[in-house]
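Chemist: Mind folding the following:
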Amino acid sequence: MSDKEQRVILALSKVIDPELRFPITELDMVGNIAASDSSISVEIKLTVSHCPQADYIETAVRDALTSEFKDVELNIQMNVMSKEELDSLKLKLRGNKAPRTNPFGPGSSTRVILVGSGKGGVGKSTLTSNLAVELSSNGYRVGLIDADIFGFSITNQLGITSRPTRLDDLMLPPIAYGVQVISIGMFLDGNEPVSWRGPMLHKAIEQFLTDVYWDDLDFLLIDMPPGTGDVAISIGQLLPNAQALVVTTPQKAASLVAVRSGMAARNANHEIIGVIENMSWLENPDGSRNYLFGQGGGQEVASTLGTSLLAQIPLSQELSASSDSGYPLVLNETLDAAGLAIKQLANQLAETKLPKTNRTLNVKLG
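Modeler: Sure, this is the predicted structure:
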């Protein structure tokens, strides 16, 4: 390989595939290269013909080469990987593991956190999406599974309208604000309801874990359905190393049911990290507080479960509005009390996590 061709490779190593989040050179997406004094021809191999990021990648390749080489004619050929090349890439992405392997079983370095509640309407999904985005903003690699199959809302919370890209039996999850996300809502048209029995629920959760390409994650957050039904049982079986956060509101009716959610997690041998009390109070302009849903529910749940009350999140019009708009509150430049509390909670969760690791795809194929 000539010196100029090596410079081409070096320039293209700065082009990151937006779905796989690795340099295209590490993904074997760079094919034939021909470089002369006056021109450069490069073949780029997309993973699939319907790649939604094709235009982005072509533009990024052109920009990278233009930045490195002045006054040369560029010829960029966009092709598609052969089946053999795609199979090799999938094997590399899986770390040489067999298809449909759960990457979050025993020995995984990913910290799996289940965010659950006893009943709906306590703001669990809003908190989960904001925590995921805040952790990602702090430089962690974060995945988010919407396991609330019947009441899925994460796609709306994060403004996701795209569907996963399929590489045969492997799915690339959409990325929102740096977070890899999968939800049953990505496979439905409009507001179509889901009416499934237990075996189908189990299969869906299993596929979310095994058929999705999850990067080498620091955190995997799972937005649990309310209650202690089929999905909770399945996740207990599939993710024995998971930890749990219990979300409640201050009122007694919510706290009593939240205790059951925590007990179910404990019965699955999941460590309970702590309790989050949402909608704790409404803060007035003068700094005084209105306790619209009473007081003490979060502390009562924590005491009953023998764990800590990690955070109290006040009622927030901004938090509600941001959820409806698909733009998480934690990204706002000016944060209200609820946003600050969520950011502090994310920092608490990250305190026990190992330092962020370098992202390299170092699996070698023979």
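
Chemist: CA atoms for contacts and neighbours, from now on please.
Modeler: OK.

Chemist: where does the protein dip in pLDDT?
Modeler: 353-366 (pLDDT under 70).

Chemist: per-domain residue ranges of it.
Modeler: Domain assignment for the chain by automatic domain parsing gives 3-93, 111-350.

Chemist: Look at the most centrally placed residue in the chain and tell me its secondary structure.
Modeler: When C-alpha atoms, centre = their mean is applied to the chain, the residue found nearest the centroid is residue 143 (2.4 Å). When classified by DSSP: H, G, I helix; E, B strand; the rest coil, residue 143 comes out as strand.

Chemist: which residues sit in contact with it?
Modeler: Each residue near residue 143 by C-alpha atoms under 8 Å, 6 or more residues apart in numbering is listed here: 132, 179-181, 214, 217, 219-221.

Chemist: one more time with 7 Å, if that's ok
Modeler: Contacts for residue 143 (C-alpha atoms under 7 Å, 6 or more residues apart in numbering) come out as 179-181, 217, 219-221.

Chemist: Equivalent analysis for residue 313, please.
Modeler: 277-280, 338, 341.

Chemist: just curious, which of those residues is nearest to residue 265?
Modeler: The closest of the contacts of residue 313 to residue 265 turns out to be residue 277 (C-alpha to C-alpha; 17.6 Å).

Chemist: related to what we said a few turns ago, CSV for the contacts of residue 313, including neighbour count?
Modeler: Shown next, in CSV, are these (neighbours: other C-alpha atoms under 10 Å):
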residue, neighbour count
277, 28
278, 22
279, 22
280, 27
338, 22
341, 18
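
Chemist: wait, which of those is closest to residue 105?
Modeler: residue 277 (29.7 Å).

Chemist: So what does that closest one look like in phi/psi?
Modeler: phi -100, psi 120 (degrees, to the nearest 10).

Chemist: Can you give me the distance of it to residue 247?
Modeler: Residue 277 is 6 Å from residue 247, where distance means C-alpha to C-alpha, to the nearest Å.

Chemist: For the contacts of residue 313, give me a markdown table that also has secondary structure and distance to residue 89.
Modeler: Output for the contacts of residue 313, formatted as a markdown table (DSSP: H, G, I helix; E, B strand; the rest coil; distance: C-alpha to C-alpha, whole Å):
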| residue | secondary structure | distance to residue 89 |
| --- | --- | --- |
| 277 | strand | 44 |
| 278 | strand | 44 |
| 279 | coil | 46 |
| 280 | coil | 49 |
| 338 | helix | 43 |
| 341 | helix | 42 |
